[in-house]
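Undergrad: Got a predicted structure plus its sequence, pasted below:
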Amino acid sequence: MRILYFTQFFSPENIAAAFRAKDHSDIWSDSGHDVTVFTGWPNYPTGRLYDGYDMVPLREERMGRIRVFRSASKIQPNTSFKKRIESGISFILGGLKNLRTGSPVGTDYDVVLVTSGTVFSAWLGVHYAKKHRLPLVIEFRDLTYKQMMATGNKGAKAAAMKALELSFCRVADHVVVLTDGFKKDLSAEGVSSEMISVVPNGADVVPCEHEWHRPLRLGYFGTMGLSQNVPETVEYVKRLAEKGFVSSYELIGEGAARAEIERMMDAGKLDFLGLEHGIPMSELEARYARVDMTVVSLQKSDQFAGTIPSKIFQSFARGVPVLFIGPEGDASELVRRSGAGVVLCDSAEEDIRHLVGFASKEDLVDELNRMSKSAVEFMAREFSRKIMAEKMTRILSDAVKQGSRN
């Protein structure tokens, strides 16, 4: 197949969307498919162009067998809703210019794959597929309207986002979501369940040597947005550190909530807490090796019940148990089923009691070692990138066949 893949984020950016897009594209191209990616210039999350890149309106490059077109847009730090909107709209405007008739991107494709979350690359890809009458598969990594509602935006903006995302579903030949919860959400809004497939995130196992410790060494590696509610995790860990059950909590990442964490560090004695800006995945590997558990958090809202943070898969793939703090739903079920983590979905006081009980176990080191083995086996058995990419291949192929019949 000749696949055109629209994604605002792509390698070498350190974000789940970029990891998924690059890994799947590599697997497809290695299997003989012709993959072209239309993306932006690498700048996430700092809003600074990566070293080695000089922005021009449109540039073509090769990453292995993958052909990549990078389209210029406004780049700035991912620190507010307003800035994200500005960057996204500029990606659309630049893309429309770079996809005009006669563009080197061309139109000779069998299928268009569009990834949403952000919706900007999705809008651009949907527009392109409709214009050139190409089969369209839309992949929702997140449902943005659900995120907006969960973080307090329940007015006209959320309603408009919901209408936009549902409009994508109406014109697509097939819809892919990352969780069963997202499928239920879209089905409840009138999208036929028969045209929705669940293809979760995943990760390939990465060898990682561990030495388990007590008290616990915890880490949070990833976006610190409003959805993740990272400041609450600091309060949890502070309670445990005061009791001697946690020796360190290492936070690495960017996002809208980072400033609040900085204020907390300035205001209180948080000797156990370390805070760093985002670093490349190659440098992050060593950090996985020196923590006993990673913290993965979401606001305890029913709107996030269908969300599974990709950090769970990244951690499990390195044999690191997960401490999940969030709502009951797909993520809590996944962590429990893996046997490789601790789930905290109750009130703060109940969660702390549960966590103290776990951290005070006499056989804690043995328990961490058992969880680590379960995590690696779980990922290799059910969530390798190859398994997920092959599911996507079948969906794309079916969309091509369906398009040829229409």
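TA: Thanks, I have it.
Undergrad: use CA for all of it now, contacts and neighbours both
TA: Noted.
Undergrad: those strands in this protein, which residues are they?
TA: Assigned by DSSP state E, the strands in the chain fall at 2-6, 34-40, 58-63, 66-71, 111-116, 136-140, 174-177, 196-198, 216-221, 246-252, 273-276, 293-297, 322-325, 341-344.
Undergrad: With mean pLDDT, mean neighbour count and distance to residue 397 as extra columns, can I get those in TSV?
TA: Output for the strands of the chain, formatted as TSV (pLDDT from 0 to 100; neighbours: other CA atoms under 10 Å; distance: least, CA to CA, whole Å):
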stretch	mean pLDDT	mean neighbour count	distance to residue 397
strand 2-6	98	22	10
strand 34-40	97	23	13
strand 58-63	97	14	23
strand 66-71	98	21	19
strand 111-116	97	26	8
strand 136-140	97	26	10
strand 174-177	98	24	11
strand 196-198	98	20	13
strand 216-221	98	22	35
strand 246-252	97	21	39
strand 273-276	96	15	43
strand 293-297	98	26	35
strand 322-325	98	26	36
strand 341-344	98	22	37
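Undergrad: Where does pLDDT dip in the stretch 251-400 of the chain?
TA: In the prediction, the stretch 251-400 of the chain carries no residues with pLDDT under 70.
Undergrad: I figured residue 69 hits residue 39, correct?
TA: Yes. Because the distance of 6.2 Å satisfies CA atoms under 8 Å, residue 69 is recorded as touching residue 39.
Undergrad: hang on, the earlier thing: take the strands of the chain and write them to CSV, including distance to residue 354.
TA: Formatted as CSV, the strands of the chain follow (distance: least, CA to CA, whole Å):
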stretch, distance to residue 354
strand 2-6, 43
strand 34-40, 44
strand 58-63, 47
strand 66-71, 47
strand 111-116, 36
strand 136-140, 34
strand 174-177, 32
strand 196-198, 32
strand 216-221, 15
strand 246-252, 14
strand 273-276, 21
strand 293-297, 15
strand 322-325, 11
strand 341-344, 8
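Undergrad: Spatially nearest residue to residue 274 (excluding sequence neighbours)?
TA: Nearest residue to residue 274, sequence neighbours excluded (CA to CA, 6 or more residues apart in numbering): residue 250, at 4.7 Å.
Undergrad: Report the separation between the one you found and residue 221.
TA: Plainly put, residue 250 is 8 Å away from residue 221 if you go by CA to CA, to the nearest Å.
Undergrad: Just give me how far stretch 110-129 sits from the chain centre.
TA: Centroid separation for stretch 110-129 versus its chain: 17 Å, with CA atoms, centre = their mean, to the nearest Å.
Undergrad: how close does the spatially closest residue to residue 356 that is not a sequence neighbour get to residue 270?
TA: Nearest non-adjacent residue to residue 356, counting by CA to CA, 6+ apart: residue 240, 6.9 Å away. Distance, residue 240 to residue 270, by CA to CA: 12 Å.
Undergrad: Next, the contact list for the most centrally placed residue in the chain, please.
TA: Residue closest to the mean C-alpha point of the chain, counted by CA atoms, centre = their mean, is residue 16 at 3.7 Å. In this structure, residue 16 makes contact with residue 310, judged by CA atoms under 8 Å, 6 or more residues apart in numbering.
Undergrad: which residue lies farthest from the center of the chain?
TA: Quick read of the chain (CA atoms, centre = their mean): farthest out is residue 362, 35.3 Å.
Undergrad: so what's that residue up against?
TA: Per CA under 8 Å, 6+ apart, neighbours of residue 362: none.
Undergrad: The one 3 residues further on too?
TA: By CA under 8 Å, 6+ apart, residue 365 lies in contact with 212, 213, 214.
Undergrad: what about the nearest residue to the second one once chain neighbours are set aside, distance to residue 255?
TA: This points to residue 213. Nearest residue to residue 213, sequence neighbours excluded (CA to CA, 6+ apart): residue 365, at 6.3 Å. Distance of residue 365 to residue 255, computed by CA to CA: 33 Å.
Undergrad: cool, and residue 66?
TA: Separation of residue 66 from residue 255 (CA to CA): 30 Å.
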